[in-house]
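J.: coords please:
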Amino acid sequence: MFLHSRFVVVDDKEHHLNGIKQTLDTLRLDCHSKLYDDEAVGDWQPLPGTRILFLDQNLVTGATFGTADNKVAFTAIQDVITRVICPDSGPYGLVLWAEEPDLDALKANLFERFTGDDARYLPVFFAALQKGDYIDTNDGTIKEPEKLQADIQERMSRSPQMKALLSWETDVAVAAGAVLRSIVDLVSFEKRSSDDFGTELGNVLYRLAQAGAGIDRAEENPRDAINHVLVPILADRVTEHDPQGDAGDSWKSALVPHKDKFAAVRVQAAINTAIHVSRASSPSSAPILPSDLGAVVAFPFENETQALLYLFDLTVEKLCLDTVFGMHKEDWSKCSLRLIQIGASCDQAQPKDGPLLYLLGLEWPFDNVDGSKANNAKLHARKSSKSGLEWKTPAILVGERLVPGKLSVFLNCTFSATRAQVAGWKAAYRLREELTSKLTQEFARHISRPGILTMSPDD
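T.: Numbers count the residues shown, from 1 in each chain. Below is the predicted model of the structure:
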């Protein structure tokens, strides 16, 4: 429920630790300090949300970068990073906090140690600060707090990308505060100076839940209902927040134009996935339910071919035909059948009794890494629908190995099931609102297209 400190300081000398903490306190920057002890560090827990990690260079007595025991020094730093940093909670910058910082040696060693999946622990930017410039290293007395703030900002400006991301995070935090204030402001002033304040605020939240879920459904899933109301307001507040009138400048500095105008297929698929697909993979994420709007469900029937024929009058042979989907028969083993839950967004916000509607989908990887038609590939990036009954996502990452491909949805293959029937189904991921709305509109257009009698073969 509570956010962790954005600044974390680790040092083996208590007076140095107190000095930097007092300096940050003076600047009104909340800081979490950790006194290093090689026996206690094993009990440390990750600190989600860390954005700046101040790390002493010599955590182990006698082990420094320039001595024979430098491996011990580097191992201690590596251990602290893996204990404190939570990669799932976003990027951070590492400030080497030492009397004589050797930043190049630290960077080289960490780049060597954090490889493969462990590269998630690497900071977005490195910086070095000399302790003596900000505190008296003999007793930890603070010197010039404003100099520390200015120097941190100067070091961060060397990484415009991190600066832009942190600015955006600040915008979100300020916007969230503004949304919370607007909710509390719905309670009249005369009600605030009494014990009725909490009850009145509860009434306001109930009304918001009614607005999001319907008059009679406020208490069914109040978190989702209130999110339907508040998230659009939050997005608007984020856009509005620009106290200095230069919010766009940091982003302009952060962008690095690529020499190639068009991204490689793998990059396109990765970015599209980040924008349009939710896998709820974070440990703190609520699971995706098969009844959620846009849920892409693993085909729930044990005998796929039998269910395909019984429910949709389709066979693998039919799907291979160019007039239906179009692929080589040997391509079938690469593909995965899916069911996609669709419907009106208002029905998701305010659920109605009755069955849920699903469309048949087929998830398929590109035959070639670059999505090309080489080697007579039929599963390629420019594959088009011959039947006019197929809708496709843009290139996304599909399958267990998350390779570039697409999800095709057959607009004429519908299936209905009750919430009780789908309760045991497994959702692979969820299409976010933009793609789900686009699919729903395509389906609505498909089932509502008119036909006319005419003698013209072109009509």
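J.: Could you pull out the buried residues of stretch 37-47?
T.: Under the neighbour-count criterion of 16 or more other C-beta atoms under 10 Å, stretch 37-47 has Val41, Trp44, Leu47 buried. Placement of C-beta: from N, CA and C, glycine included.
J.: which residues sit in contact with the first one?
T.: Right, Val41. Contacts for Val41 (C-beta atoms under 8 Å, 6 or more residues apart in numbering) come out as Ala76, Asp79, Val80, Arg83.
J.: quick one: whichever strand or helix holds the last one to chain centroid distance?
T.: Secondary structure from DSSP states H and E places Arg83 in helix 70-84. Computed by C-alpha atoms, centre = their mean, to the nearest Å, the chain-centroid distance of helix 70-84 equals 28 Å.
J.: what helices or strands is whatever helix or strand comes next after it leaning on?
T.: With elements assigned by DSSP H and E, the helix or strand that comes after helix 70-84 is strand 93-98. Applying 3 or more C-beta pairs under 8 Å, 6 or more residues apart in numbering; DSSP states H and E, we find strand 93-98 packed against strand 52-56, strand 125-130, helix 145-157.
J.: Figure out which of the ones you listed is closest to Gln22.
T.: Judged by C-beta to C-beta, the one of these that comes nearest to Gln22 is helix 145-157, at 8.4 Å.
J.: Can you get me a residue count around Leu27?
T.: Neighbourhood size, Leu27 [other C-beta atoms under 10 Å]: 15.
J.: Let me see the backbone angles for it.
T.: Dihedral pair for Leu27: phi -90, psi 0, per degrees, to the nearest 10.
J.: Pro91 versus that one, what's the distance?
T.: Distance from Leu27 to Pro91, counting by C-beta to C-beta, to the nearest Å: 22 Å.
J.: Can you verify my assumption that Thr414 contacts Pro355?
T.: No. Using C-beta atoms under 8 Å, Thr414 is not in contact with Pro355, being 10.7 Å away.
J.: who's more crowded, these two?
T.: Here Thr414 and Pro355 are compared on neighbour count by other C-beta under 10 Å; more neighbours surround Thr414, at 15 against 12.
J.: Can you classify the more buried one by secondary structure?
T.: Three-state assignment for Thr414 (DSSP: H, G, I helix; E, B strand; the rest coil): strand.
J.: Out of the contacts of Val41, give me the one that has the most neighbours.
T.: Neighbour counts for the contacts of Val41, by other C-beta under 10 Å, peak at Ala76, which reaches 22 neighbours.
J.: Need the pLDDT of that one.
T.: The score at Ala76 is 89. That number is its pLDDT.
J.: same deal with Ser167?
T.: 87.
J.: Then Asp69?
T.: For Asp69, the model assigns a pLDDT of 58.
J.: Flag the least confident of the contacts of Val41.
T.: Within these, Ala76 has the lowest pLDDT, namely 89.
J.: which ones are touching that one?
T.: Tyr36, Asp38, Val41, Leu59, Val60, Ala63.
J.: secondary structure class for the second one?
T.: Yep, that's Asp38 we're talking about. Per three-state DSSP, Asp38 ends up coil.
J.: Next up, the contacts around it.
T.: Counting by C-beta under 8 Å, 6+ apart, Asp38 makes contact with Leu59, Val60, Ala76.
J.: Kindly recompute the last result at 7 Å.
T.: For Asp38, the contacting residues are Val60, Ala76, by C-beta atoms under 7 Å, 6 or more residues apart in numbering.
J.: same deal with the fourth one?
T.: Residues in contact with Leu59 (C-beta under 7 Å, 6+ apart) are Asp12, Tyr36, Ala76, Ile77.
J.: Could you verify my assumption that the second one touches Val10?
T.: Spelled out, it's Tyr36. Yes. Using C-beta atoms under 7 Å, Tyr36 is in contact with Val10, at 5.6 Å.
J.: which SS class is the residue nearest to the spatial centre of the chain?
T.: The centroid of the chain falls nearest to Ala274 when counting by C-alpha atoms, centre = their mean (7.1 Å). Following three-state DSSP, we place Ala274 in the helix state.
J.: So for it, what's the pLDDT?
T.: For Ala274, pLDDT reads 94.
J.: Give me the distance between it and Asp171.
T.: Separation of Ala274 from Asp171 (C-beta to C-beta) stands at 19 Å.
J.: One more: Asp117?
T.: For Asp117 relative to Asp171 (C-beta to C-beta), the value is 31 Å.
J.: So which of those two has more stuff around it?
T.: Asp171 (18 against 8).
J.: Check what contacts the helix or strand encompassing the more buried one and list those residues.
T.: Element membership for Asp171, per DSSP H and E: helix 160-184. With C-beta under 7 Å, 6+ apart as the test, helix 160-184 has contacts from 51, 91, 93, 124-125, 156-157, 201, 204, 230, 233-234, 237-238, 241, 250-251, 253-254.
J.: Check those residues for burial and list the buried ones.
T.: Counted by 16+ other C-beta under 10 Å, the contacts of helix 160-184 give 51, 91, 93, 124-125, 156, 201, 230, 234, 237-238, 241, 250, 254 as buried.
J.: Grab the two from the residues you listed that are most spread out in space.
T.: Using C-beta to C-beta for every pair in the buried ones among the contacts of helix 160-184, the one that comes out farthest apart is Phe125 and Leu201, at 41.5 Å.
J.: Can you pull out the low-pLDDT segments for the stretch 251-400 of the chain?
T.: 344-352 (pLDDT under 70).
J.: quick one, helices of it?
T.: Applying DSSP state H, counting those that start in this stretch to the stretch 251-400 of the chain gives helices spanning 265-276, 304-312, 316-320, 345-349.
J.: got JSON lines for the ones you listed, with distance to Lys438 too?
T.: Shown next, in JSON lines, are the helices of the stretch 251-400 of the chain (distance: least, C-beta to C-beta, whole Å):
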{"stretch": "helix 265-276", "distance to Lys438": "10"}
{"stretch": "helix 304-312", "distance to Lys438": "22"}
{"stretch": "helix 316-320", "distance to Lys438": "23"}
{"stretch": "helix 345-349", "distance to Lys438": "12"}
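J.: do you know which of the ones you listed lies nearest Gly19?
T.: That would be, of the helices of the stretch 251-400 of the chain and by C-beta to C-beta, helix 265-276, which comes in at 41.0 Å.
J.: What is that closest one packed up against?
T.: With contacts taken as 3 or more C-beta pairs under 7 Å, 6 or more residues apart in numbering; DSSP states H and E, helix 265-276 sits against strand 396-398, strand 403-417.
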